[in-house]
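J.: With the sequence up front, the predicted model follows.
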Amino acid sequence: MADAPVPDFGADGLVAAVVQDAETGAVLTVAWMNREAWEATLRTRRATFWSRSRRELWEKGASSGNTMLVRDIRLDCDRDAVLLQVDPRGPACHTGATSCFFEQVELPAAPEDASPAP
């Protein structure tokens, strides 16, 4: 994989990783990767991230069993964000929810001039 594209890790050494269910397309979570997490993910095909709060590497599901097997990886056009398409083995969220994105924000009524462009 010597010629494989590599993310542009920011000044803090991190890149945002959006995690998507490869079957359903649902966004499961957003996490952070450093170079070590990136390389571990490529090597093992298990989603591995950098915990900013604990300041350590963590393989998703290592303790819970709710692993994410990586099926495909894509970089955005600037290479400053990663999309991991995964086969989740259990819930993605530490709360037990399938996705970390379960809190819906109710939007106020759209203003008259907010209709989509033709």
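T.: Cool, got the structure.

J.: use CA for all of it now, contacts and neighbours both
T.: Will do.

J.: For the chain, name the helix or strand with the lowest mean pLDDT.
T.: Lowest by mean pLDDT, DSSP states H and E among the helices and strands of the chain is strand 56-59, with a mean of 94.

J.: Give me the contact list for the following helix or strand past it.
T.: Going down the chain from strand 56-59, the next helix or strand is strand 68-75, by DSSP states H and E. Strand 68-75 has contacts (Cα atoms under 8 Å, 6 or more residues apart in numbering) with 7, 22, 41, 45-47, 60-61, 81-89.

J.: Name the strands paired with the following helix or strand past strand 68-75 and say parallel or antiparallel.
T.: The helix or strand immediately downstream of strand 68-75 is strand 81-88, counting by DSSP H and E. In its sheet, strand 81-88 lies beside strand 15-21 (parallel), strand 68-75 (antiparallel), with partners assigned from DSSP bridges.

J.: which of those is buried the deepest?
T.: Comparing the strands paired with strand 81-88 by mean neighbour count (mean count of other Cα atoms under 10 Å), strand 15-21 comes out on top with a mean of 22.

J.: What lies in contact with that strand?
T.: Contacting residues not belonging to strand 15-21 are listed as 7-9, 26-34, 80-88 [Cα under 8 Å, 6+ apart].

J.: Any quick ChimeraX command for the buried ones out of those residues?
T.: Of the contacts of strand 15-21, the buried ones go into a single ChimeraX selection, burial set by 16 or more other Cα atoms under 10 Å:
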select :7,8,9,27,28,29,30,31,32,33,34,80,81,82,83,84,85,86,87,88
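
J.: hmm, back to that, nearest to F102, of the strands paired with strand 81-88?
T.: Smallest distance to F102 across these (Cα to Cα): 14.2 Å, for strand 15-21.

J.: roughly how far out does the helix or strand that that closest one is followed by sit from the chain middle?
T.: The first helix or strand that comes after strand 15-21 along the chain, using DSSP H and E, is strand 27-33. The chain centroid and the centroid of strand 27-33 are separated by 3 Å under Cα atoms, centre = their mean, to the nearest Å.

J.: So what are the sheet partners of strand 27-33 and their directions?
T.: Here strand 27-33 is paired, per DSSP bridges, with strand 15-21 (antiparallel).
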